[in-house]
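1. Model the structure of this input:
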Amino acid sequence: MKKSLSIRFWIVLLVNILLIPTILLVSLFFYQEFKKTLDERVLLQLTSIKRLKRFQIEDFLLREWEQFKKEDNGSDLLSLVEIQSQFGSQVKEAGVYDVSSINGLNILFVQKKGKDLFKVAVNNGSEIKKILLERSGMGQSGESYLVGSDYRLRSQSRFFPDKPPMEIICKSFGTKTAFTNKLGHGIIYDYRGIEVYSAYHPINFSKIKWAILSEIDTEEALKPLNDLRQKLGFIILIALLIAFAFSVVLARVLTRPLLKMKNYLDQMISGNYDLEVREKPAGLEMQLMYSSLAEMLVKLRSTVNFSKEIGDLNLDADYQLTSEGDTLGRSLLNMREQLRKLNETESSRQRDLRNAIISGQEKERLRLSKELHDGLGPMLTHLKLLIQNQELPKDKKKELKQIIDETVNEVRRMTYNLMPQSLLDFGVEKAVKNLVQTLSPVSKVAIEYSFHSERQSPTFGDDINICLFRIAQECLNNGIKHSQADSILLVITDEGNFVNLYYSDDGVGFDPSIEHNGSGLRNMQARVDVLKGTFAISTGEEGTNIEVNIPYQTK
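-> Numbering: from 1, shown residues only. Reported below is the predicted structural model:
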């Protein structure tokens, strides 16, 4: 029990040690990436707003200045001293000046009209105020405002609407940076001392030096991030609870009893090896024991199955030795090799026997063919001459001559069937062609024969020539007599180191399993086997197809 509790404890501890830091690191990374993205988006939006308002203000100043220079309203001209007395000593020449006061924003336009006289006009900047008061997309705490070179606001504060702008001093980092003719953005403290996202830029027009700032409180901008932080905390808590529950369940699953192991061993003792070990117990030692048991079962099943295959003479069955000390498996492999050798010896003996039988048959056919051709043929011819010289009734003599002619033709047919001389003289191409020419006139079946070779006048040897001729002869005879076919196709090809025969008819087919149907097929198969070739047949209602492939060595 103590060991079981100890295993559970360590599993729970290790799982949580792995999962808790992982969850926290992933959450922290996600939070930081989200904040970084949010910072970039807020600052980008503020920069866009600031840029737009700066362009609008500069465009307004340019339009007003150009309009002022073109107008001639007949107003009184003032000297420089008079202008300075009204608007301050900063006015020294023609241009556009910021002459704002406690009462609000004022813009002075000064144009020289004589040697010491100037035309002047004052604009209260109402359009600039409208531009800055447009706060679409800036939330509840966003604002854009102008700061003069004296660090006092030139536009109304969103947060102090009743306070004159000139009473509000702004010496923030953004303002100071803008007055060094640098633009930028970032998180700074504004004129209220509140942390804000800020985008700032200098405005230099004629004699005016302003800084424009677009800002929004970080508290408002980061509200989605704060909400996410709360949700992440809840998710982390749930994940930790799930991880703890998972570790407890896992510990229970991995602490199974050992009785199942005894049950497996008892069944193996009784000879039952068709077992499947599915248990995955806790503890390294138990896992190794069950793994060894499963491996032993697999190897025993493999050995038993291999011995069954050997018993069934399936000598192509494969077996991998389980180890160097697998004596039983090694003995079975030796037995398989011995049986293979015996089987190969028997196959070779059977092949040689079939070859001897076929060779004997062909030699006997050749002998009989020669005897019929050289013996009986001349005798019949001599008999025909004797009858012609005998004084017999004309009808009787004609009848005898007809019988002798038929006998001569039959002897020639028998001689051809036994061994056509063209087969020995010209090979299988000419012999099969003569066979087709002989059968076509006496058959109602349309026979198409062709021979194709990559070489001119190929020689296959007598054994292959005789084999192919006998197969072609058997196929054509069966096709004409039994298939009820309308057409027969016979093709012999010479490709590479193989000579191939293909036969096809459109007859009714046959059942190869029937004894009288299968004898001819067995003879053809035996001839092909002797030459180490392949023989394939398919037959059915749509006809019969036979394909023969025989290897040979080119000379």
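
2. Kindly indicate whether T493 is helix, strand or coil.
-> strand (DSSP: H, G, I helix; E, B strand; the rest coil).

3. same question, Y449
-> Here Y449 is strand, with the state taken from three-state DSSP.

4. That one: what's it in contact with?
-> By Cβ atoms under 8 Å, 6 or more residues apart in numbering, the contact list for Y449 reads V432, K433, V436, L490, V491. For the C-beta atoms, the positions are set from N, CA and C on the backbone; glycine is no exception.

5. mind listing what the fourth one touches?
-> When contacts are counted by Cβ under 8 Å, 6+ apart, L490 is found next to V432, V436, I447, E448, Y449, S450, A472, C475, L476, L501, Y502, Y503.

6. and the second one, how far is that from N477?
-> To tie it back to what came earlier, the one meant is V436. The gap separating V436 from N477 is 12 Å, by Cβ to Cβ, to the nearest Å.

7. And the third one, by the same measure?
-> Between I447 and N477 the distance, using Cβ to Cβ, works out to 12 Å.

8. Between those two, point out the one with more neighbours.
-> Neighbour count, other Cβ atoms under 10 Å: between I447 and N477, I447 has more, with 19 against 15.

9. Give me the pLDDT value at the more buried one.
-> I447 is assigned a pLDDT of 90 by the prediction.

10. Let's test this: mean pLDDT of the top helix by length along the chain, rounded?
-> Secondary structure of the chain per DSSP state H: the longest helix is helix 2-70. Across helix 2-70, the average pLDDT comes to 84.

11. Can you spell out which helices and strands pack onto it?
-> Other elements packing on helix 2-70 under the criterion 3 or more Cβ pairs under 8 Å, 6 or more residues apart in numbering; DSSP states H and E are strand 107-112, helix 126-133, strand 143-148, strand 184-189, strand 195-205, strand 208-217, helix 223-253.

12. That helix: what's the following helix or strand?
-> Going down the chain from helix 2-70, the next helix or strand is strand 78-79, by DSSP states H and E.

13. what about that following strand, average pLDDT?
-> 88.

14. Same check on stretch 160-170?
-> On average, stretch 160-170 scores 93.

15. For that stretch, measure first residue to last.
-> Terminal residues of stretch 160-170 are spaced 13 Å apart (Cα to Cα, to the nearest Å).

16. and the nearest residue to A121 once chain neighbours are set aside, what does it touch?
-> With sequence-adjacent residues excluded and distances taken as Cβ to Cβ, 6 or more residues apart in numbering, A121 is closest to F109, at 4.6 Å. Going by Cβ under 8 Å, 6+ apart, F109 touches E64, W65, F68, V96, V120, A121, V122, N123.

17. what's the angle between the longest helix of the chain and strand 184-189?
-> Inter-element angle recorded for helix 2-70 and strand 184-189: 110 degrees (by axes from the mean of the first three to the mean of the last three Cα atoms, to 10 degrees).

18. quick one: the residue nearest to A121 from D72, how far?
-> F109 sits 14 Å away from D72 when distances are taken as Cβ to Cβ.

19. Then V528?
-> 121 Å.

20. which of the two has more neighbours?
-> Legend: neighbour count by other Cβ under 10 Å for V528 and D72, higher for V528 (20 against 8).

21. pretty sure that one contacts I546?
-> No - look at V528 against I546 with Cβ atoms under 8 Å: they stay out of range, at 10.5 Å.

22. Kindly point out which residues are neighbours of both of those two.
-> With Cβ under 8 Å, 6+ apart, V528 and I546 have common neighbours I471, F535.

23. Alpha carbons of stretch 477-491, as CSV, please.
-> Extracted as CSV, the C-alpha positions of stretch 477-491 are listed here (Å, rounded to 0.1, in the frame of the first residue of the first chain):
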residue,chain,number,x,y,z
ASN,A,477,-7.3,-27.8,-82.8
ASN,A,478,-9.4,-27.2,-79.6
GLY,A,479,-10.5,-23.8,-80.8
ILE,A,480,-11.8,-25.2,-84.2
LYS,A,481,-13.3,-28.4,-82.8
HIS,A,482,-14.9,-27.3,-79.4
SER,A,483,-15.0,-23.5,-78.9
GLN,A,484,-17.7,-22.7,-81.4
ALA,A,485,-15.7,-19.5,-82.1
ASP,A,486,-16.1,-17.3,-85.1
SER,A,487,-12.6,-16.0,-85.0
ILE,A,488,-9.2,-16.9,-83.5
LEU,A,489,-6.2,-14.7,-82.9
LEU,A,490,-2.7,-16.2,-82.6
VAL,A,491,0.3,-14.0,-82.0
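
24. ok, and for it, which residues are buried?
-> Residues of stretch 477-491 classed as buried by neighbour count (16 or more other Cβ atoms under 10 Å): N478, G479, I480, S483, A485, I488, L489, L490.

25. Which members of the residues you listed are the farthest-apart pair?
-> N478 and L489 (14.5 Å; Cβ to Cβ).

26. circling back to that earlier point, got a quick ChimeraX command for the buried subset of the contacts of F109?
-> Buried residues within the contacts of F109, by 16+ other Cβ under 10 Å, are selected in ChimeraX with:
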select :64,65,68,96,120,121,123
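
27. can I get the contacts of F109 in JSON lines with distance to L52?
-> Output for the contacts of F109, formatted as JSON lines (distance: Cβ to Cβ, whole Å):
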{"residue": "E64", "distance to L52": "19"}
{"residue": "W65", "distance to L52": "21"}
{"residue": "F68", "distance to L52": "25"}
{"residue": "V96", "distance to L52": "21"}
{"residue": "V120", "distance to L52": "31"}
{"residue": "A121", "distance to L52": "27"}
{"residue": "V122", "distance to L52": "27"}
{"residue": "N123", "distance to L52": "21"}
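
28. Specify which member of the contacts of L490 is nearest to A239.
-> So of the contacts of L490, ranked by how close each gets to A239 (Cβ to Cβ), first place is Y502, at 71.7 Å.

29. In three-state terms, how would that closest one be classified?
-> strand.

30. And the one 10 residues further on, by the same measure?
-> For P512, the reduced secondary structure class is coil; criterion used: three-state DSSP.
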